[in-house]
Structures are given as structure tokens and as C-alpha cells.
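**Q** With the input below, show me the fold.
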Amino acid sequence: MKWNCWRQKRMKFRHNKKRNTAFLFEALVKELTKSIVKNDLQTKEKIISLIKENFKKDSILAKELKIYKSLLESKNLSNRVAEKLIYEARREYKSLDREVVFEAQSRLINQINKKLSRNIFSNFVPQYKNIATIYQLFSEEDGPKKRVLLEEKVIQQLSAPTEVLKEKIIPTDKLVFSTFTKNFNSIYSKNLQEDQRELLNKYITSFSDNGIEFKIFLNEEVGRLKNEMTQSLRSESVKGNPLILEKTQKVIQTIEEFKNTEITSSMIQKIMKIQSLVKEIQN
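**A** This next block holds a predicted model:
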């Protein structure tokens, strides 16, 4: 009897990834990538439909996801700023109606089980440990000691330096967003291909909707580029030239690595170069 009580208590404090909105979103994005690589159009459309339905702007899950992202995507902060950010994130998290969140999560979990597969919950998700830590940080069930330790862990994550900090431009208001758009267009608007212009436009506007639409588009575009580069391996001009063959294989490897790479302006530039390469191959 004592063992069962302890086990139930232990289970209560464990991370429940199905009740972690950030995990659910990233698991779906991961599955979307897999479906695009496999050219499984039916599954791809189902996933896109689920993401748009459950994470649309101003939905309860979109609001909660935004809170998670505020902690997951912030780096190189001072301890003081990190503490303030955690405080505000907790405050916003508590302001959400937990019953409404639970119902929305239940609906999404049910849709995944019925329309897709339970295996999606086993997908490898980048930053899984950080996502789980933030989930526990928000939990009201943990004692004060554990909450303090978790907060310290998150502060360390937020204070960690990052080499791509200069590349991560996250507009926080209309003025910054407008400036970002103007600067990006002034640098890249000349001599762009149609697919490159579409990529940039969607990247710029992604900041206004939490990046959901852009992630969907980016997965499709990366899948298209991989398919084009893979098909080029069959051409005589590539097969007959060891140097070109090696470079083509490296490009395909780079595309594969995109699915586990944080979206930055540097990554966007790499994709644009590959778009140009694909255009040359097609011509």
C-alpha cells in the first residue's frame, strides 16, 4: 500500500510531455519534417491542418507556446533580466485558464491519436530537456526548494552566451518589426528569385504570428530542396564528376541538418544559396 502511494506521488511530479504544449508543437513539427522527406502528402496535410487549427493566433495553446518560447529562445541575459523574464513568464502562465488549456491539449492529443499516430509522442525533439525543465518550473505542485533549483537552472540557460546572438532578431514591437523589415529588404531585395523572395517575406512576417506559418512553409521548402538535390545525383554530369558529386552530397547533408538547427538569418542565407543552386541545376 505504501509503495503504491509513493509511486502515485512520484508519477505526479514527473514531466508529462503530453501535457507540455511546447513539446506537442515541436513533436508535430518534427513529424511534419518526416512526412515531407518521405513525400507523404496525406500526412503532411493532416499535420498542417492540426497545427493551424490548434495553434492559430490568439488560441489558448498559441498563447502558452509563446510563453515557453520566451524562455527557450532567450540567451545571453544578465541574471537580473533572466529573473525578471522568469517572473513575467510565470505570471502570464498563471493567467491562462488551466481548465481551458487542459481541454485544448486533450483535444489535440485525441486528434493526434486518431488522425496520425501515437508514435508522434516518441519523436526526438530538440531542446527536450529545456522544455521539460520549463514545464516543471511552471508546476505549482513542486515544493519551494525544487522550484528554486529549477529557477536557477533556467537562469543558467538564459544567461548562456550564444554565437548566433547577433543573428537572432526578434522584434518585440511595431517599430522594431518595421526597422527589421526595412533593413532586410534593403539588403536582399535585389536580384532575388521568386522562391527566395517568398522565403524572405515569410521569414520577416513570421515574427507577427509566433513563427507557426513560417515553420510549416520552411519544412516544405527544405523538403523540396532535398528532393531536387537528391534527384540531381542521378544525372550524368554529377555522377561523372567526383568533385561535383562530393559537393552535392555535402549540400544534401547540410539540408538534413536544418531540421535540428535553430532558425536564424544565417540559416536563411544558406537556404537561399541552395535555392540558387537548385535553380542552376534545373536550367
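
**Q** Find the least confident helix or strand in this structure, judged by mean pLDDT.
**A** helix 2-13 (a mean of 40; mean pLDDT, DSSP states H and E).

**Q** any idea which helix or strand comes after that helix?
**A** For helix 2-13, the following helix or strand on the C-terminal side (DSSP states H and E) is helix 21-37.

**Q** Now the helix or strand that that next one is followed by: average pLDDT?
**A** Helices and strands here follow DSSP H and E; after helix 21-37, the next one along the chain is helix 41-54. Taken as a whole, helix 41-54 has a mean pLDDT of 90.

**Q** which residues touch helix 41-54?
**A** Outside helix 41-54, the residues that touch it by C-beta atoms under 8 Å, 6 or more residues apart in numbering are 25, 28-29, 31-32, 35-36, 61, 104, 107-108, 111-112, 115-116, 212, 216, 220. (Each C-beta comes from the backbone N, C-alpha and C, glycine too.)

**Q** Stretch 23-35 too?
**A** Contacts for stretch 23-35 (C-beta under 8 Å, 6+ apart): 17-18, 40-41, 43-44, 47-48, 50-51, 55, 61, 65, 105, 108-109, 112, 116, 120-121, 123-128, 131-132, 135, 215-216, 219, 222-223, 259.

**Q** and the closest residue to residue 20 other than its chain neighbours, what helix or strand is that in?
**A** Leaving aside its chain neighbours, residue 20 sits nearest to residue 135 (4.6 Å; criterion: C-beta to C-beta, 6 or more residues apart in numbering). Taking DSSP H and E as the criterion, residue 135 maps to helix 128-138.

**Q** In terms of secondary structure, what does that helix contact?
**A** Applying 3 or more C-beta pairs under 8 Å, 6 or more residues apart in numbering; DSSP states H and E, we find helix 128-138 packed against helix 21-37, helix 60-72, helix 79-95, helix 144-159.

**Q** any chance of these in CSV, plus mean pLDDT?
**A** Rendered in CSV, the data for those read as follows (pLDDT from 0 to 100):
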stretch, mean pLDDT
helix 21-37, 86
helix 60-72, 91
helix 79-95, 90
helix 144-159, 80
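
**Q** okay, those helices, which one's buried deepest?
**A** Mean neighbour count (mean count of other C-beta atoms under 10 Å) peaks for helix 21-37 among the helices and strands packed on helix 128-138, with a mean of 22.

**Q** If we ignore the residues flanking it in sequence, what's nearest residue 256?
**A** residue 226 (7.3 Å).

**Q** Now do the buried residues in the helix or strand where that neighbour lies.
**A** Here residue 226 sits within helix 212-232, counting by DSSP H and E. By neighbour count on 16 or more other C-beta atoms under 10 Å, the buried set for helix 212-232 is 212-223, 225-226, 228-229, 232.

**Q** Can you give the contact residues for that helix?
**A** Counting by C-beta under 8 Å, 6+ apart, 29, 32-33, 36-37, 39, 44, 48, 51-52, 55-56, 62, 195, 199, 202-203, 205-206, 238, 248, 251-252, 255-256, 258-259, 263, 271, 274-275, 277-278, 281-282 sit against helix 212-232.

**Q** swap in stretch 252-260?
**A** Outside stretch 252-260, the residues touching it (C-beta under 8 Å, 6+ apart) are 30, 33, 126, 219, 222, 225-226, 229-230, 233, 267, 270-271, 274.

**Q** re the thing from before, dump the helices and strands packed on helix 128-138 to TSV, plus distance to residue 242.
**A** Output for these, formatted as TSV (distance: least, C-beta to C-beta, whole Å):
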stretch	distance to residue 242
helix 21-37	26
helix 60-72	42
helix 79-95	51
helix 144-159	44
